[in-house]
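Undergrad: Please work out how this folds:
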Amino acid sequence: MKKILLLLTKIVIGIVLLVVLLLVTATILLNTQSVQDDLVAYATEQLELKLGTRVKIDHASVNVFTQKVNLEGLEVEDLEHRKMFELGRLLVDVNLMKLMTKELVVEEVLLDDVKARLYKPKDGPANYQFLIDAFKKDPKQKQVKKEQKDSTQKSPMTLDVNKVAIKNIALTFNDTNQVSLESAKYENGWFGKHSGALKNLKGQWGLMKKKGPVTAKFAIGSLDYKGENTVHHLKIGQVHFATDNHKPRKNHDRPKRGFFDVDHLDVDANMDLTVDYISKDSLHAVMNHMEATDSVTGFNIKKFHFDAGIMKERVHLQHIMLQQETTVLKFDSANVVLPSKKLGRKFSFETSRIKGQTQLRDISRPFAPVLKNFTMPLELDVLFSGTDTTLFFRDIHVYTPDKKLQIAAEGRILHLKEKEKLDVGFHVKEMKAQKGVPIKVINQFAVKKLMLNQLDALGTIYYTGDVAVLYKKEVFDGQLRTDVGALAFNFAIDEKTKYVTGFVHSRKIKLGKVLNMDKLEDVGAQANFTVDIHKARTAMIRKKYGGGKLPIGEVKATVFEAGYGGFRLKNMKVEFASNGSQAEGTVSHSKSMMDWDCTFIVNDVDKKNNVKVKPKVKLKLGNLFKSKKQKEEDAKKAEAAKPKKDNLFRQLFKKKDKNKDSSKKK
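TA: Residues are numbered from 1 along each chain as shown. So this is what the prediction gives:
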């Protein structure tokens, strides 16, 4: 019996030793270069058969003892025999023991020198489509595996990566779209601490818009990452973003237009961001600091920070502060609804009350060069909301720190995406400008200062009305109340013809005080007017007639009542025109027994009693013996027989209009 037990023991020991010997032999053989070269050759051959193209692997090795996989010199060609993918080196260190417990722990990944050239023609499949098709799983196999997974209900394998280092990545799509990376690294340290860094990430791609192709570029010079538990901190530096549609800027040869052009951006930025909560459906982040400049456009954001809670459908912002050169805007919160084509949800936003201080010169270069000297400080208070096509401004309050200028208004901007339908409208509930403030506002602009004394004579101005900015047209309507009287007006600026046309009405205004004319007393009147604002055209006229400070245009008025030198007159007709240097016109008054009219000439509105008047009186004694009906018939005949004289304003352009007509006929 003892002999049998001893024999069985020897046999078992022999079998164990044989198994160990086989395992050791297999391990040694697997780690020999010749065996691994054979495996690489076999794998390369199988890949070429499966893909139907050339595959090359310079070297591959698996070290069973150190648990490292090394792959070098991988090349894959597309079906057109172009090098589609190149890999310099891939090193993966996997903890094989953890696989026994369904944990895939990658201790280290090194990836170096990767190049990919991808193409997708408009009328054909992409050059990488054959890879997708080759490794695409059969739907039946997917269903079988899904059923097996559901039946077994096994827990999924977990993945944990401890260290990653990537260098020299270059990806190209259709030649024009490119992304490159100099280096990136990540390390999962002890006690839940993480760190990473990125250097020189660059990209370029082409966009096709309605007006033609646009090239966009971006670059991130550096990115530093530190994380601990659930808090992640990112510091991003040397961010650059640029667009170019390869056409002149929108303000080319248009000095009145600002430099802002979404197709010609050149932005540099730096930012500091903290993410302190992140899950599958939500995220909370704090923009600690951000600065951004566009040297060409003129945008200069010195400081921008906020808290952001981001969910699937909404973004909730808090503690928002934006600072430019002299502009500081603050508001407590803002809610943004994110768009979704699938659900038919449109983009919209709404803010709490925005408060701040500004000098309008901060927006002069990007939007309005005319404001470049506007240094008057203004306080702002407004509620802001809208969509991607519409903006609403509610409960607007704008005022100077000394409250000498105060504006209360509301407004909206419609059709933001359609230039020819753009509709900007503001209703001014009340504007108050104390004496001297309107001149201070005008002095903020680099324009010719005309009739400032007359403006100052109005004293404190109150305005209620509406302002509309349409495509190449601005319309103003409302009522003015001043120290010298009140008037209602409506006028429009036509950007096509460069004329201002309008209407004014006043029951009583102290016009003599405004025009510095002692003999002229209170006037009640209504008038239609046309003023030329074309710079080149008016400059030519002023040069021709010796300069001057008068506006260039014409006025036709009906005077309900006026006093001059102690006389009171009613129901007069007034017409006058100005060439900038001189204004001349006629005042006429007709009754059954007498016709009274006079001509007047004004050369300088700033001089006192500068009006030259030539009166003319015509008695109609014959009317003593005529009936009322005969008088009416005679008046009609006289009007029909009256020669039609061009006034001074029309004479200025009569010759030019004739030349235009003759050139059109030719």
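Undergrad: Every contact and neighbour count from this point should use C-alpha atoms.
TA: Noted.
Undergrad: ok, residue 369 touching residue 260?
TA: No: taking contacts as Cα atoms under 8 Å, residue 369 lies outside contact range of residue 260: 10.9 Å.
Undergrad: Quick check: residue 162 touching residue 108?
TA: Yes: using Cα under 8 Å, residue 162 makes contact with residue 108 at a distance of 6.2 Å.
Undergrad: end to end, how far does stretch 331-346 reach?
TA: Chord length of stretch 331-346, first to last residue, is 24 Å (Cα to Cα, to the nearest Å).
Undergrad: Can you list the buried residues in that stretch?
TA: 331, 333, 334, 335, 336, 337, 338 (16 or more other Cα atoms under 10 Å).
Undergrad: can I assume residue 247 sits in a strand?
TA: No: applying DSSP: H, G, I helix; E, B strand; the rest coil, one finds residue 247 to be coil, outside a strand.
Undergrad: mind checking how far it is from residue 294?
TA: Relative to residue 294, and taking Cα to Cα, residue 247 is found at 19 Å.
Undergrad: hey, what's residue 587 bridged with?
TA: residue 574, residue 598 (DSSP bridges).
Undergrad: swap that for residue 561, sorry
TA: Where residue 561 sits in a bridge, its partners, by DSSP bridges, are residue 524, residue 570.
Undergrad: Quick one: residues contacting it.
TA: Residues near residue 561 by Cα atoms under 8 Å, 6 or more residues apart in numbering: 523, 524, 525, 568, 569, 570, 571, 572.
Undergrad: now residue 164
TA: Residues near residue 164 by Cα under 8 Å, 6+ apart: 108, 109, 110, 185, 186, 187.
Undergrad: Check whether the spatially most central residue of the chain sits in a helix, strand or coil.
TA: The residue lying closest to the centre of the chain (Cα atoms, centre = their mean) is residue 262, at 6.9 Å. In the three-state summary, residue 262 is assigned as coil, counting by three-state DSSP.
Undergrad: just residue 365 next, same as before
TA: Under three-state DSSP, residue 365 comes out as helix.
Undergrad: That one touches residue 256, doesn't it?
TA: No: here residue 365 does not reach residue 256: they are 10.0 Å apart, not a contact under Cα under 8 Å.
Undergrad: what about those two, which has more around it?
TA: Using other Cα atoms under 10 Å as the criterion, residue 365 and residue 256 rank with residue 365 on top: 20 against 12.
Undergrad: contacting residues for that one?
TA: Residues in contact with residue 365 (Cα under 8 Å, 6+ apart) are 258, 259, 260, 297, 298, 299, 372.
Undergrad: Greatest separation within those: which pair is it?
TA: Within the contacts of residue 365, two members stand farthest from each other by Cα to Cα: 260 and 372, at 14.6 Å.
Undergrad: So between those two, which is more surrounded?
TA: residue 260 (21 against 17).
Undergrad: list the helices and strands the strand or helix carrying residue 183 packs on?
TA: Element membership for residue 183 (DSSP states H and E) is strand 177-188. Here strand 177-188 touches strand 163-173, strand 193-209, going by 3 or more Cα pairs under 8 Å, 6 or more residues apart in numbering; DSSP states H and E.
Undergrad: Paired strands for the shortest one, with orientation please.
TA: Translated: strand 163-173. Strand 163-173 has its sheet partners listed here by DSSP bridges as strand 103-118 (parallel), strand 177-188 (antiparallel).
Undergrad: For the ones you listed, give me JSON lines that also has distance to residue 202.
TA: Shown next, in JSON lines, are the strands paired with strand 163-173 (distance: least, Cα to Cα, whole Å):
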{"stretch": "strand 103-118", "distance to residue 202": "14"}
{"stretch": "strand 177-188", "distance to residue 202": "5"}
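Undergrad: host element of the nearest residue to residue 269 once chain neighbours are set aside?
TA: Distance criterion Cα to Cα, 6 or more residues apart in numbering; nearest residue to residue 269, sequence neighbours excluded, is residue 292 at 4.2 Å. Secondary structure from DSSP H and E places residue 292 in strand 283-294.
Undergrad: May I see the buried residues of that strand?
TA: 283, 284, 285, 286, 287, 289, 290, 291, 292, 293, 294.
Undergrad: same thing with stretch 510-520?
TA: Under 16+ other Cα under 10 Å, the buried positions of stretch 510-520 are 510, 511, 512, 513, 514, 515, 516, 517, 520.
Undergrad: Throw those into TSV and include distance to residue 170, thanks.
TA: Output for these, formatted as TSV (distance: Cα to Cα, whole Å):
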residue	distance to residue 170
510	78
511	76
512	79
513	77
514	74
515	75
516	77
517	80
520	83
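Undergrad: Tell me how far stretch 381-388 lies from the chain's centre.
TA: 15 Å (Cα atoms, centre = their mean, to the nearest Å).
Undergrad: what's the distance between the closest residue to residue 469 other than its chain neighbours and residue 307?
TA: The spatial neighbour of residue 469 that comes closest, neighbours along the chain excluded (Cα to Cα, 6+ apart), is residue 424 at 4.9 Å. Using Cα to Cα, one gets 31 Å for the distance from residue 424 to residue 307.
Undergrad: and what of residue 115?
TA: Taking Cα to Cα, one finds residue 115 at 39 Å from residue 307.
Undergrad: How about residue 81?
TA: Residue 81 is 52 Å from residue 307, by Cα to Cα.
Undergrad: Next: residue 354.
TA: From residue 354 to residue 307 the distance is 16 Å (Cα to Cα).
Undergrad: ok now do residue 489, which residues does it touch?
TA: Taking Cα under 8 Å, 6+ apart, one finds 476, 477, 478, 479, 480, 502, 503, 504, 505 in contact with residue 489.
Undergrad: Could you dump those into JSON lines and include distance to residue 531 and pLDDT?
TA: As requested, those are exported to JSON lines (distance: Cα to Cα, whole Å; pLDDT from 0 to 100):
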{"residue": "476", "distance to residue 531": "15", "pLDDT": "92"}
{"residue": "477", "distance to residue 531": "17", "pLDDT": "93"}
{"residue": "478", "distance to residue 531": "19", "pLDDT": "93"}
{"residue": "479", "distance to residue 531": "20", "pLDDT": "94"}
{"residue": "480", "distance to residue 531": "20", "pLDDT": "91"}
{"residue": "502", "distance to residue 531": "9", "pLDDT": "93"}
{"residue": "503", "distance to residue 531": "12", "pLDDT": "93"}
{"residue": "504", "distance to residue 531": "13", "pLDDT": "92"}
{"residue": "505", "distance to residue 531": "17", "pLDDT": "93"}
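Undergrad: Now, those that are in strands?
TA: Using DSSP state E, the members of the contacts of residue 489 that fall in strands are 476, 477, 478, 479, 480, 502, 503, 504, 505.
Undergrad: okay, the angle between the helix or strand where residue 320 lies and strand 283-294?
TA: Using DSSP H and E, residue 320 sits in strand 314-323. Strand 314-323 and strand 283-294 are oriented at 40 degrees to each other (axes from the mean of the first three to the mean of the last three Cα atoms, to 10 degrees).
Undergrad: just checking, residue 216 touches residue 207?
TA: Yes: contact criterion Cα under 8 Å: residue 216 and residue 207 qualify, at 7.4 Å.
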